[in-house]
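[1] Give the three-dimensional model of this entry:
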Amino acid sequence: MTETPYLNQKFEQLEKGKQIPQNSVPKIQRVAHYLRDRKHFAKHYSPRLVSIGPIHHGAKNLQLGEKYKLMWAASYLERKKQDARALYQKIASNIKQLKELFAEDVIEAFPDDEKLSWMLLVDGCALLQILEEVKIDHPEEMNVNVEQLILLFQDVLLLENQIPYEVLKLLSGPKNDANLLNSVKEFLGYHPDKPKQGAVKQDTGKEKTKDEDSFREELPLHLLDQYRKLLLDDPRRDIHEKHLEVDVSDSYADEAMIIVHRNTRELKAAGIRVKRSNSRRISDVHFSSGWFWAELRLPAIMIDNTAPTASLNLIAYEKCPDFKNNYEICSYQAFMGSLIQHPDDVKELRSVGILHNALGNDEEVAKVYSTLSSSIEVVPNTEIYSHVGLQIEKHYRRKWRTWIARSYDTYFSSPGTIIAFYAAVAALLLTFIQTWCAIKQL
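    Model (predicted):
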């Protein structure tokens, strides 16, 4: 076989293919085409006001956003009394390492390092201004209206609108790690329990300040990565795990049980009461059961106009091929999708304070979860909530519990039915007394 230049090139590519190293961290990349190409999904992955980073930079429909970014970047530099040229030099001197944090196709439009460095400088400074100065009740401070501010909240959490956290660190300064991370958390709506004032005692007998302790935690890759970390964070997880264990002594534990995910109405009919957990972290889900009733605790969630976009981008992030994770967000949304299949399920969760509906009606919320479920299709990790599903199914199979629960809902679920029940009992008692008296007189 005569090898042509074309074949030589292809054989070389084939040989290099096995040498491609695995990324230690996921690179900033585009949403997978099989997610974006679905009907009505693309709008949730593309920015509507501003582009952050290289993927949507220069888009015609975002030219107003380019003006806003220059204004916000200039405001940041002025507020922090920073020199633009000095900060640009920081980015330019680290551009080789920063480029490694992007997928190759993402920065193809920036063959010139100078242009890429300038874009990261402007977008990074603008994003720092957003993180530190945005206030939902005072949009005028950013020279935008409320509607634009909501779009801004959506845009900065898009998978395709991320820049490396390392850029923000370079622009904010080496001594501001703790302040930067706190600004990110506050912007994302995270309010941790405040530690006691003063220094924190350590096992070594030394003391370290709150700021020193704060930036020792694992830093995020970008803003969306930090948002995911906050949703998964649960410092009380060890306390909850005792509620999640399956009772292996139960006779059903030896069976090969198929877990059937049931909606909220079915759970209620089986005597499983849904209640709110003590936190809003998605890991705070647990099930407990007694003789007659059981309890499923879920974290409180807010559903507003930004919720579908944020959730879909978190799902897309977990599905990035170079992101090694346990698919916690995908699994949680699939689990909630099984609970919410009808507007009445939404109504039930609203009534117990788990779901806060800011969309206007329950049917819209049910549609949101239908959309999220369709974006997941196959749950990559079925083990995360399998223990909860198993316990629910075990409870569900005890038909006598279901009968007691339905009887209770029929006769004791409202003051009217309770009064009617006691009235019927009183009528029977009076009838018995009258009959007994009549027999005695005979």
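[2] wait, is Asp123 part of a strand?
    No: under DSSP: H, G, I helix; E, B strand; the rest coil, Asp123 falls outside any strand and is assigned helix.
[3] which residues touch the residue nearest to it when sequence neighbours are not counted?
    Nearest residue to Asp123, sequence neighbours excluded (Cβ to Cβ, 6 or more residues apart in numbering): Ile52, at 5.2 Å. Just so you know, the C-beta spots here come from the backbone N, C-alpha and C atoms, and that holds for glycine as well. Neighbour list for Ile52: Asp123, Ala126, Leu127, Asp155, Val156, Asn161, Gln162, Ile163 [criterion: Cβ atoms under 8 Å, 6 or more residues apart in numbering].
[4] try Asn357
    Ile303, Val346, Arg350, Val365.
[5] Look up how far Leu296 lies from it.
    20 Å (Cβ to Cβ, to the nearest Å).
[6] now, the most widely separated pair of the contacts of Ile52?
    By the measure Cβ to Cβ, Ala126 and Gln162 form the most distant pair in these, at 13.7 Å.
[7] quick one: low-confidence ranges for the chain?
    1, 18-24, 190-217, 234-261, 291-292, 398-425, 440-442 (pLDDT under 70).
[8] quick check: domain ranges of it?
    23-191+219-232, 237-397, 412-441 (automatic domain parsing).
[9] okay if I get those domains as TSV plus distance to Asn8?
    Below are the domains of the chain laid out as TSV (distance: least, Cβ to Cβ, whole Å):
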stretch	distance to Asn8
domain 23-191+219-232	23
domain 237-397	29
domain 412-441	79
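[10] Of all the ones you listed, which one is nearest Lys16?
    domain 23-191+219-232 (14.0 Å).
[11] chain center to that closest one: distance?
    Its chain's C-alpha centre and that of domain 23-191+219-232 lie 19 Å apart, by Cα atoms, centre = their mean, to the nearest Å.
[12] Could you count how many residues lie near His283?
    In this structure residue 283 is Ser, not His. 18 (other Cβ atoms under 10 Å).
[13] Then the one 3 residues further on?
    As a burial measure, His286 scores 20 neighbours (other Cβ under 10 Å).
[14] Phi first, then psi, for it.
    Reported as degrees, to the nearest 10, the phi and psi values for His286 are phi -150, psi 160.
[15] any idea how far it is from Ser279?
    His286 is 11 Å from Ser279, by Cβ to Cβ.
[16] Could you do Pro343 as well?
    27 Å.
[17] Wasn't the residue nearest to Asp123 part of a strand?
    No: judged by three-state DSSP, Ile52 forms no part of a strand; its state is coil.
[18] Would you list the phi and psi of it?
    According to degrees, to the nearest 10, Ile52 has phi -120, psi 120.
[19] Do a quick rundown of the strands in the stretch 251-400 of the chain.
    272-276, 286-289, 294-298, 301-303, 355-357 (DSSP state E, counting those that start in this stretch).
[20] Does anything pack onto the first one? Which helices or strands?
    Using 3 or more Cβ pairs under 8 Å, 6 or more residues apart in numbering; DSSP states H and E, the elements in contact with strand 272-276 are helix 264-269, strand 294-298, helix 386-397.
[21] okay, the ones you listed in CSV with distance to Leu62 and mean neighbour count next?
    Formatted as CSV, the helices and strands packed on strand 272-276 follow (distance: least, Cβ to Cβ, whole Å; neighbours: other Cβ atoms under 10 Å):
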stretch, distance to Leu62, mean neighbour count
helix 264-269, 40, 19
strand 294-298, 38, 20
helix 386-397, 43, 19
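[22] Any idea which of those gets closest to Glu3?
    helix 386-397 (53.5 Å).
[23] Give me the packing partners of that closest one, helices and strands only.
    strand 272-276, strand 286-289, strand 294-298.
[24] Using PDB, write down the CA coordinates of that helix.
    Output of helix 386-397 as PDB, limited to C-alpha atoms (Å, rounded to 0.1, in the frame of the first residue of the first chain):
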ATOM      1  CA  SER A 386     -32.600   5.100  45.700                       C
ATOM      2  CA  HIS A 387     -32.600   4.700  49.500                       C
ATOM      3  CA  VAL A 388     -35.500   7.200  49.700                       C
ATOM      4  CA  GLY A 389     -37.300   5.500  46.800                       C
ATOM      5  CA  LEU A 390     -36.900   2.100  48.400                       C
ATOM      6  CA  GLN A 391     -38.300   3.300  51.800                       C
ATOM      7  CA  ILE A 392     -41.200   4.900  50.100                       C
ATOM      8  CA  GLU A 393     -41.900   1.700  48.100                       C
ATOM      9  CA  LYS A 394     -41.700  -0.400  51.300                       C
ATOM     10  CA  HIS A 395     -44.200   1.800  53.000                       C
ATOM     11  CA  TYR A 396     -46.400   1.900  50.000                       C
ATOM     12  CA  ARG A 397     -46.600  -1.900  49.800                       C
END
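[25] Tell me the gap between it and the middle of its chain.
    24 Å.
[26] Next, count neighbours for Glu147.
    Neighbour tally, Glu147, other Cβ under 10 Å: 10.
[27] Could you check how far it is from Gln154?
    11 Å.
[28] swap in Leu298?
    Taking Cβ to Cβ, one finds Leu298 at 25 Å from Gln154.
[29] same question, His286
    32 Å.
[30] Pull the contacting residues for the closest residue to Val122 other than its chain neighbours.
    Once flanking residues are discounted, Val122 sits nearest to Ala73: 4.9 Å by Cβ to Cβ, 6+ apart. By Cβ under 8 Å, 6+ apart, Ala73 lies in contact with Leu121, Val122, Asp123, Cys125, Ala126, Gln129.
[31] Could you say which of those is surrounded by the most neighbours?
    Neighbour max across the contacts of Ala73 (other Cβ under 10 Å) = Cys125, 26 neighbours.
[32] ok, now how distant is the residue nearest to Ala109 when sequence neighbours are not counted from Leu7?
    Nearest residue to Ala109 in three dimensions, chain neighbours excluded: Pro54, at 6.5 Å (Cβ to Cβ, 6+ apart). Separation of Pro54 from Leu7 (Cβ to Cβ): 35 Å.
[33] Tell me which of the two has more neighbours.
    Ranked by neighbour count (other Cβ under 10 Å), Pro54 and Leu7 place Pro54 first, with 23 against 11.
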